[in-house]
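[1] next comes the sequence, and after it the predicted model I'd like to discuss.
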Amino acid sequence: MGLEWDLATDVVVVGYGAAGAAAALEATAAGAQVLVLERFAGGGASALSGGIIYAGGGTSVQRAAGVEDTPEAMYAYLEREVGDAVTPATLRRFVEESPALIEWLKGHGVPFEASLCPYKTSYPNDRYYLYYSGSEISGAFRDIPAAQRGHRVKGRGTSGKKLTGPLAAAASRLGVHVETLTRAIRLISDGTGAVIGVECHTLRDAPGRVRDRYTRLANIAAKPGIYYPPLRRRLERRMAGLERRYGTTIRVLARRGVVLSAGGFIANRDMVRLYAPAYRGGLALGTTGDDGSGILMAQQVGAAVDRMDNISAWRFLLPPSAFTGALLVDAAGRRVIDETRYGAAVGHALITEHGGKGWLLADNALLRSAIGQIGKQGAWFQRGQFETMRRTAVRGATLEEAAAKAGIDPAGLRATVEAHNTAIETGAPDPVGKPAEFTEPVGSGPYWLLDVGIKPSLTNPCPMLTLGGVVVDERSGAVKSTEGTDIPGLFAAGRTAIGICSKSYVSGLSLADCVFSGRRAGRSAAGEQVSALDQATVEGN
């Protein structure tokens, strides 16, 4: 006797962020019937994000802004950032498809604007939507033609919702069905090892008032709960209680394939401690659903995982843009990194090489310049972070006095400043490779040391997200087993899977990879036909 199923479709997509929406759209375009299983109401971490798509090689937005870029320059830059996370052929395909990816998003209603940010920043305010979102103009990449490739989706505040909203709306118009408040808990395989469905725990039959309450709790847990973990944990307990009381278990048949796009595992503190114990004290950038469940379900059916110890930690120094001229030092007073580098590179250096401790040194003139810039350059959350750093900064009439107050080796800081100033005076290269146009001599006091270390902070957090996941075939998105073979009927995308950004991160690379890998997985799943399904029966559908 065959299994009994509550729902049936061609392609099941687990998780409805940017990757899941892209998979659903492409599978539908390929002629498949698609059902999405969404734990909450949709959007995922993508909706909470800044809405940056890393794209280049001559996109329509770049051309409208007068930005000259080539696929060769984009590839040369990403080749160093991406490293061996994917093969050169996959990276080349990602680059060559980049202009078309922007047009695909625009065709599904995602808005962009060609307003060029005139200063270096980690994230532009609402006046600008195209900027240097990585380390393109930093010293380590000066031999590569730089271009603004950070395409911010147009929308006020952090504009990720202006990416996921239109994609979900487009999918709905095309007939994609979404089961919200439905948590996938287990993949179902047939006797041959092929994945043929998903077992879920759902509130689909719960009273409307219960569904509404659960949705409200989930929204608060996502944001502002993201900034205050104790609140998130309390809300999670309430949500779990509603699931236990009102939830039911259902099975969903996937005639062609299952796409896992359930996010990473940054919200699963046990997994973080297991794989990357050095990454603590940061803000878990994601929703409650970024608990590694997609990865764990895949592992239960034999999937291989990789790069699970790789977490991206973002310690942003900019804006204000004046801080490109500051010095980032550690407890020994040594320089940490070129201060123009993207925040993920800064965070990586602080955690892996300097014990998570760092201070930004500014003389009085530079700090006054920074104070004058932050109001015009910063978004609301950046202004709050700057104010926290300024308010908690230590001040000293001399370098030695400031260093002693901060707990920094005074002799080490003095030596660093002298080496920095001497390089400027003599025309020598900056000691850590910062381009000359961004270097500023450390002048007269008083001196300020602003704490940019990695530790829990409500107003100046260090956001973190996981980059590892299940191993996939780079042509199809099929999940690989620990033996190196494709698991029939199973695909993965976004941060559930290894992708373009699984080695190092620049702003927009994860969302771009979500769309790139989601589309790939959706197309492949729609083209599959999993064997041994004719014996399955469907109840109630």
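    Here it is on my side, so go on.

[2] quick check on Phe265: phi, psi?
    With angles defined as degrees, to the nearest 10, Phe265 sits at phi -130, psi 20.

[3] distance check, it against Arg237.
    From Phe265 across to Arg237, the span is 20 Å (CB to CB, to the nearest Å). (C-beta placed from N, C-alpha, C; glycine too.)

[4] what of Trp314?
    Distance, Trp314 to Arg237, using CB to CB: 29 Å.

[5] next: Pro319.
    Taken as CB to CB, the span from Pro319 to Arg237 is 38 Å.

[6] which one's more surrounded, these two?
    More crowded of Pro319 and Arg237, by other CB atoms under 10 Å: Pro319, with 27 against 10.

[7] list the contacts for that one?
    Tyr119, Thr121, Ser122, Gln373, Ile374, Gln377, Gly378, Gln382, Phe386 (CB atoms under 8 Å, 6 or more residues apart in numbering).

[8] cool, and Glu103?
    Glu103 neighbours (CB under 8 Å, 6+ apart): Ser60.

[9] so how far is the strand or helix carrying it from its chain's centroid?
    Using DSSP states H and E, Glu103 falls within helix 98-107. Taking the mean of its C-alpha atoms, helix 98-107 sits 20 Å from the chain's own mean (CA atoms, centre = their mean, to the nearest Å).

[10] so which bits of it are buried?
    Ser98, Pro99, Leu101, Ile102, Trp104, Leu105 (16 or more other CB atoms under 10 Å).

[11] among those residues, which one lies nearest to Leu399?
    Ser98 (45.9 Å; CB to CB).

[12] so how far is Arg307 from the closest residue to Asp84 other than its chain neighbours?
    Leaving aside its sequence neighbours, Asp84 sits nearest to Lys503 (CB to CB, 6 or more residues apart in numbering; 6.8 Å). Using CB to CB, Lys503 is found at 7 Å from Arg307.

[13] what do the two both touch?
    Ala85, Leu467.

[14] how about the helix or strand hosting Gly375 as CSV, C-alpha atoms only?
    Gly375 is located in helix 364-377, with elements delineated by DSSP H and E. Coordinates of each C-alpha in helix 364-377 appear next as CSV, following Å, rounded to 0.1, in the frame of the first residue of the first chain:
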residue,chain,number,x,y,z
ASN,A,364,40.1,66.0,17.0
ALA,A,365,39.8,67.4,13.5
LEU,A,366,38.8,64.1,11.9
LEU,A,367,36.2,63.4,14.6
ARG,A,368,34.7,66.9,14.1
SER,A,369,34.5,66.2,10.3
ALA,A,370,32.8,62.9,11.0
ILE,A,371,30.3,64.5,13.3
GLY,A,372,29.5,67.0,10.5
GLN,A,373,29.0,64.2,7.9
ILE,A,374,26.9,61.6,9.7
GLY,A,375,23.6,63.5,9.6
LYS,A,376,23.7,63.8,5.8
GLN,A,377,25.3,60.4,5.0
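
[15] ok now the following helix or strand past that helix, how far from the chain's centre?
    Per DSSP H and E, the first helix or strand lying C-terminal to helix 364-377 is helix 380-392. In terms of CA atoms, centre = their mean, the centre of helix 380-392 is set 22 Å apart from its chain centre.

[16] what is helix 380-392 packed up against?
    Secondary-structure packing of helix 380-392 (3 or more CB pairs under 8 Å, 6 or more residues apart in numbering; DSSP states H and E): helix 364-377, strand 447-451.
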